[in-house]
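In: sequence? don't have it. structure:
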């Protein structure tokens, strides 16, 4: 539900048995207006995206008397929605849940599609499940309180959506930088709606990521490794991953120089690229632990022109060899 006031959630919740999962930042900003149910808050950021946090929350649910008729309302960005959705999927073998998505990253990507998971050491999203929430509320007003880096991090995922599936969306982003950075509410509502509609279409066709849904990982093979090694916010790392994927696509002949330059120019225009490359050894070590790896191969996402993507099964060694060539040119 894009454009709905987040406070309309009261009409969607059961009368009892509800608990709210959020983080300390969201609780400080919006907690006074939360529905009158027990609230459990976690530390903001990836530090909370682990099994121990899920276990601690499960104990709190048990102590609160939540049974199989319970309902988890996750209010937050991607981390909170991941934790809340994962907890709902495993607590008493599954209870109901819904999300209020508070960040741009979460609204355009993380809260849509039913993926819920936590990290395992340095391995991102290694433990998880696919389970759809009953509703997701995306209120553009909540984006006005985001710190600039959080907003830009989400913008990277919006650009990713445009590159892989919506050339019109890409053109709008190209031409509307000022309105986007000023966080015009009507503009953001329109952009989020287009992104959600595209991802919903992809997920409805391939919920379990055995085919089409893999295109949503554009920029993520390299991006996840950069994110983990450099401790960057997700979108900034994915932006660097998209630069690499666009360069790889050019090298393979899937796009021309002009299309590649448009992608890079948009990323640079929003200050999303900061040369956040890691060593060859670090990249190789992290990619071989990527959850998308199957044997000695990875399903790598290429762009075949703005608005179109394809997935090719690539040897890990070929991906690493490309990275080494790319990085050598940048040194």
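Out: Structure's in. What do you need? Just so it is clear, the structure is predicted and the values come from calculations on it, not from any experiment.

In: please count neighbours and contacts with C-alpha atoms only from this point.
Out: Will do.

In: what's the neighbour count on residue 148?
Out: 10 (other C-alpha atoms under 10 Å).

In: which stretch of helix or strand covers the residue nearest to residue 156 when sequence neighbours are not counted?
Out: Excluding its sequence neighbours, the residue lying closest to residue 156 (C-alpha to C-alpha, 6 or more residues apart in numbering) is residue 235, at 5.1 Å. Here residue 235 sits within helix 234-251, counting by DSSP states H and E.

In: tell me the mean pLDDT over that helix?
Out: On average, the pLDDT along helix 234-251 is 95.

In: could you say what helices and strands it packs with?
Out: Using 3 or more C-alpha pairs under 8 Å, 6 or more residues apart in numbering; DSSP states H and E, the elements in contact with helix 234-251 are helix 148-165, helix 220-230, helix 257-269, strand 297-303, helix 316-330.

In: now for the residue nearest to residue 156, how many residues are close by?
Out: By other C-alpha under 10 Å, neighbour count at residue 235 equals 28.

In: ok, residue 62 to residue 38 distance?
Out: 12 Å (C-alpha to C-alpha, to the nearest Å).

In: quick one on the thing from earlier: can you redo the helices and strands packed on helix 234-251 as a markdown table with mean pLDDT and distance to residue 58?
Out: Shown next, in a markdown table, are those (pLDDT from 0 to 100; distance: least, C-alpha to C-alpha, whole Å):
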| stretch | mean pLDDT | distance to residue 58 |
| --- | --- | --- |
| helix 148-165 | 95 | 28 |
| helix 220-230 | 89 | 27 |
| helix 257-269 | 96 | 40 |
| strand 297-303 | 94 | 34 |
| helix 316-330 | 90 | 38 |
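
In: distance to residue 279 added to those, as CSV?
Out: Below are those laid out as CSV (distance: least, C-alpha to C-alpha, whole Å):
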stretch, distance to residue 279
helix 148-165, 23
helix 220-230, 10
helix 257-269, 22
strand 297-303, 20
helix 316-330, 8
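
In: what's the closest of these to residue 89?
Out: Residue 89 sits nearest to helix 220-230 of all the helices and strands packed on helix 234-251, at 24.5 Å, using C-alpha to C-alpha.

In: counting by contacts, list what the closest one packs against.
Out: Using 3+ C-alpha pairs under 8 Å, 6+ apart: helix 220-230 touches helix 234-251, helix 280-287.

In: chain center to that helix: distance?
Out: 13 Å (C-alpha atoms, centre = their mean, to the nearest Å).

In: stretch 184-201 now?
Out: For stretch 184-201, the distance to the chain centre is 14 Å (C-alpha atoms, centre = their mean).

In: ok, stretch 283-298 next?
Out: With C-alpha atoms, centre = their mean, you get 20 Å for stretch 283-298.

In: what residues does it touch?
Out: Stretch 283-298 has contacts (C-alpha atoms under 8 Å, 6 or more residues apart in numbering) with 123-126, 221-222, 225-226, 299, 313-316, 320.

In: redo the residues you listed as JSON lines? Include distance to residue 4 and neighbour count.
Out: Below are those laid out as JSON lines (distance: C-alpha to C-alpha, whole Å; neighbours: other C-alpha atoms under 10 Å):
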{"residue": "123", "distance to residue 4": "35", "neighbour count": "17"}
{"residue": "124", "distance to residue 4": "31", "neighbour count": "21"}
{"residue": "125", "distance to residue 4": "29", "neighbour count": "20"}
{"residue": "126", "distance to residue 4": "33", "neighbour count": "17"}
{"residue": "221", "distance to residue 4": "34", "neighbour count": "26"}
{"residue": "222", "distance to residue 4": "35", "neighbour count": "29"}
{"residue": "225", "distance to residue 4": "35", "neighbour count": "28"}
{"residue": "226", "distance to residue 4": "35", "neighbour count": "27"}
{"residue": "299", "distance to residue 4": "37", "neighbour count": "20"}
{"residue": "313", "distance to residue 4": "40", "neighbour count": "13"}
{"residue": "314", "distance to residue 4": "42", "neighbour count": "15"}
{"residue": "315", "distance to residue 4": "45", "neighbour count": "17"}
{"residue": "316", "distance to residue 4": "44", "neighbour count": "20"}
{"residue": "320", "distance to residue 4": "44", "neighbour count": "19"}
